[in-house]
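K.L.:
I'll drop the sequence and a predicted model, then ask my questions.
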Amino acid sequence: MGNRERMKPSLATLALSLLALAPPCLAAPYDFVLRGGLVIDGSGAPAITADVAVKDRRIARVGEVPPNSGPELDARGLVVAPGFIDVHTHAEGIVDHPRGENFLRMGVTTLVLGNCGNSVEDVGALFARLEKGGMSPNVATLYGHGTLRRLAMGGSFDREPTEAELDAMRGLVERAMHDGAVGLSTGLVYVPGTFSRTEEIVELARVAAARGGLYATHQRSEGDQIFESLEEVIRVGREADIRVQLSHIKLAGQNNWGRAEEVLARLQQARAEGVQITQDLYAYTASSTRIGQLIPAAAREGGPEALARRLDDPEQKAAIVAQMKTAVARRGGNYAYAVIASYRRDRALEGLSIPEAAKKRRGSDSLDDQIALIFEIERNGGAQGVFHSMSEEDVRVFLRDPHTMIACDSGIRVLGAGMPHPRGYGNNARVLGRYVREARVIGLEEAVRRMSSLPAEVFRFHERGLVREGYWADLTVFDPATVRDHSEFHDPHHFSTGFRLVLVNGEKVVENDSHTGARPGQVLRHTPP
Ligand SMILES: [Zn+2]
């Protein structure tokens, strides 16, 4: 074939170019149509049967869509809801595991990182990395008070900050807010946050408030001192004039069970007094944190070596043990409620309760041997634990409250790794299956609202959280008759099922309970109102 021949377009090429040039009215008007689903728009309004069309990453039409308007999914019998927003995660691992599969496979399309006082140090750098590598869900973050306290106070935490340190801390919050953090978080049972006074938190919360951020807190007590603790939470909201998110609301310890109505009444009173306060919940009766949390914070300050030094001193050790015995006396007198979930140093103990593990490793499950084992674990780098410490009735009472969002408090899960709390695989699906369909604790529309528009409003994710024309096409399509979790405490590594389709910014990330590999997620930077 000569040169001249090659220059001439063939008929087929010509036809293709004409197609590409065809005016929009001849091309399919939409990228994607969900046909005839039960649309639950996230506002709490009753479900309606409607078509939903997506174009250019947005929801383009809710109502009737003519035939042949684009590729279709027959959504009859399925719920079409906004993608779920999980405001309480520890999913910093999204950088290394950008699929975020455990979240997407339970319908979650937006994650808020940085909870419980623990975040990345540099929000701008995190966002830059995520935008460079891409990720499947949308990501926002809080800035952690523990993180910034560690940065500003250099290793010695059991004290108030100096004026200069407090200034540095203010500067760090300011910087994080400028970089797009949605607010400040605290973890007031954790080192080093636990050593801070309310005044310090108010000071820092004011900086976040000035930029329209909110204050999310893992409060100082979720058990014996919960009412004193709530006073502090409310005081921060009032004095810093900031929206408050009470993290993973719960009543831990059998002696505190049955007081959920009282807790909610106090929160309601605070709202009546003008403090804007909402809360989130994971729908399980066990919590998850470090086994080391069973040791008093003052004993752990400075890290494992400092703890070891204190334990080498018989007098200090006796005092620490006595404190632990007093605390555990209120929890039934032993640590049977605490299960070792993930322990790098000794995998054989994973899945065992503290008494079982003490028996296995020390030959005795006496309280002294249980405590000795807890010390040993902490000295060996610590372990993750699951704590069976809540009542089913309290969980249900908290779930019914209209200000309760659904959030899992989980990190990114790696299939098969450790024995993590099942909430990271199942939380949203468990609410939809167990608490909506089976136990009828709340209605379906209301459950969806708590997973979508309520968090979007409070965290100010603009144009998300509703199935509404013009909004970003974050959508979760599930079968209300079959949606359910499969992750169990003794066998956690199972994804939820019943999710026919999950879209993030108009792109399929889950189809028929399997991840597509797409990475359409966006960084959601907070912008002042
Ligand atoms: Zn927490």
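P.N.:
Received, thanks. Numbers count the residues shown, from 1 in each chain.
K.L.:
what about stretch 189-209, start to end distance?
P.N.:
Here the two ends of stretch 189-209 are set 23 Å apart, with distance taken as Cα to Cα, to the nearest Å.
K.L.:
what about that stretch and the ion, any contact?
P.N.:
No - in this structure, stretch 189-209 remains apart from the ion according to Cβ under 5 Å from the ion; the gap is never smaller than 7.8 Å. The C-beta positions use only the backbone N, C-alpha and C, and glycine is treated the same way.
K.L.:
now do stretch 376-393
P.N.:
No - if you take Cβ under 5 Å from the ion as the test, stretch 376-393 misses the ion, and the best it gets is 12.0 Å.
K.L.:
my read is residue 112 is in a strand, agree?
P.N.:
Yes - with DSSP: H, G, I helix; E, B strand; the rest coil as the criterion, residue 112 is located in a strand.
K.L.:
what is the burial count for it?
P.N.:
Neighbour count for residue 112, taken as other Cβ atoms under 10 Å: 27.
K.L.:
what do you get for residue 470?
P.N.:
Other residues lying near residue 470 total 9 when counted by other Cβ under 10 Å.
K.L.:
with residue 285 instead?
P.N.:
Counted by other Cβ under 10 Å, the residues lying close to residue 285 total 16.
K.L.:
how close does it sit to the ion?
P.N.:
Distance of residue 285 to the ion, given as Cβ to the ion, to the nearest Å: 16 Å.
K.L.:
quick one, what contacts that residue?
P.N.:
388, 389, 390, 391, 392, 395 (Cβ atoms under 8 Å, 6 or more residues apart in numbering).
K.L.:
cool, residue 463 as well?
P.N.:
By Cβ under 8 Å, 6+ apart, the neighbours of residue 463 are 470, 471, 472.
K.L.:
wait, residue 189 touches residue 294, no?
P.N.:
No - taking contacts as Cβ atoms under 8 Å, residue 189 lies outside contact range of residue 294: 11.3 Å.
K.L.:
more neighbours: which of the two?
P.N.:
For residue 189 versus residue 294, neighbours defined as other Cβ under 10 Å are more numerous around residue 294 (22 against 19).
K.L.:
give me the domain ranges for this structure.
P.N.:
83-287+389-463, 290-387 (automatic domain parsing).
K.L.:
can you tell me which of those domains is packed in deepest?
P.N.:
Highest mean neighbour count among the domains of the chain (mean count of other Cβ atoms under 10 Å): domain 83-287+389-463, with a mean of 21.
K.L.:
please name the nearest non-neighbouring residue to whatever residue of the stretch 251-400 of the chain ends up closest to the ion.
P.N.:
For the stretch 251-400 of the chain, the residue closest to the ion is residue 289, as judged by Cβ to the ion, at 7.0 Å. Nearest residue to residue 289 in three dimensions, chain neighbours excluded: residue 385, at 6.4 Å (Cβ to Cβ, 6 or more residues apart in numbering).
K.L.:
what pairs with the one you found across the strands?
P.N.:
In this structure, residue 385 has the following beta-bridge partners (DSSP bridges): residue 289, residue 340.
K.L.:
per-residue pLDDT, it?
P.N.:
Residue 385 is assigned a pLDDT of 92 by the prediction.
K.L.:
just give me the closest of the contacts of residue 463 to residue 158.
P.N.:
For residue 158, the nearest member of these is residue 472. The distance, counting by Cβ to Cβ, is 45.1 Å.
K.L.:
re earlier: tell me the contacts of the residue of the stretch 251-400 of the chain closest to the ion?
P.N.:
Contact criterion Cβ under 8 Å, 6+ apart gives 384, 385, 387 as the residues in contact with residue 289.
K.L.:
now do residue 22, the pLDDT please.
P.N.:
Note on residue 22: pLDDT of 45.
K.L.:
do the one 3 residues further on as well
P.N.:
We note a pLDDT of 50 for residue 25 in this prediction.
K.L.:
then the one 10 residues further on?
P.N.:
Reading off the per-residue confidence, residue 35 sits at a pLDDT of 98.
K.L.:
beta partners for it?
P.N.:
According to DSSP bridges, the residues that bridge with residue 35 are residue 74.
K.L.:
now it: how far from residue 77?
P.N.:
11 Å (Cβ to Cβ, to the nearest Å).
K.L.:
more crowded one of the two?
P.N.:
Set side by side, residue 35 and residue 77 give different neighbour counts by other Cβ under 10 Å, the larger being at residue 35 (17 against 12).
K.L.:
and the contacts of residue 285 as JSON lines, adding distance to residue 39, pLDDT and secondary structure?
P.N.:
As requested, the contacts of residue 285 are arranged in JSON lines below (distance: Cβ to Cβ, whole Å; pLDDT from 0 to 100; DSSP: H, G, I helix; E, B strand; the rest coil):
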{"residue": "388", "distance to residue 39": "39", "pLDDT": "92", "secondary structure": "strand"}
{"residue": "389", "distance to residue 39": "39", "pLDDT": "91", "secondary structure": "coil"}
{"residue": "390", "distance to residue 39": "34", "pLDDT": "95", "secondary structure": "coil"}
{"residue": "391", "distance to residue 39": "36", "pLDDT": "96", "secondary structure": "coil"}
{"residue": "392", "distance to residue 39": "32", "pLDDT": "97", "secondary structure": "helix"}
{"residue": "395", "distance to residue 39": "29", "pLDDT": "98", "secondary structure": "helix"}
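K.L.:
from the residues you listed, pick the one nearest residue 42.
P.N.:
Among the contacts of residue 285, and counting by Cβ to Cβ, the member closest to residue 42 is residue 395, at 22.9 Å.
K.L.:
now do the contacts for that closest one.
P.N.:
Listed by Cβ under 8 Å, 6+ apart, the contact partners of residue 395 are 250, 281, 283, 284, 285.
K.L.:
so the third one sits in a helix?
P.N.:
No - applying three-state DSSP, one finds residue 283 to be coil, outside a helix.
K.L.:
which of the contacts of residue 289 lies closest to residue 370?
P.N.:
Scanning the contacts of residue 289 for proximity to residue 370, where the rule is Cβ to Cβ, the winner is residue 385, at 12.7 Å.
K.L.:
now do the contacts for the closest residue to the ion within the stretch 201-350 of the chain.
P.N.:
Scanning the stretch 201-350 of the chain for the residue nearest the ion gives residue 218, at 3.4 Å (criterion: Cβ to the ion). The contact partners of residue 218, taken as Cβ under 8 Å, 6+ apart, are 115, 116, 117, 185, 186, 187, 188, 189, 190, 247, 248.
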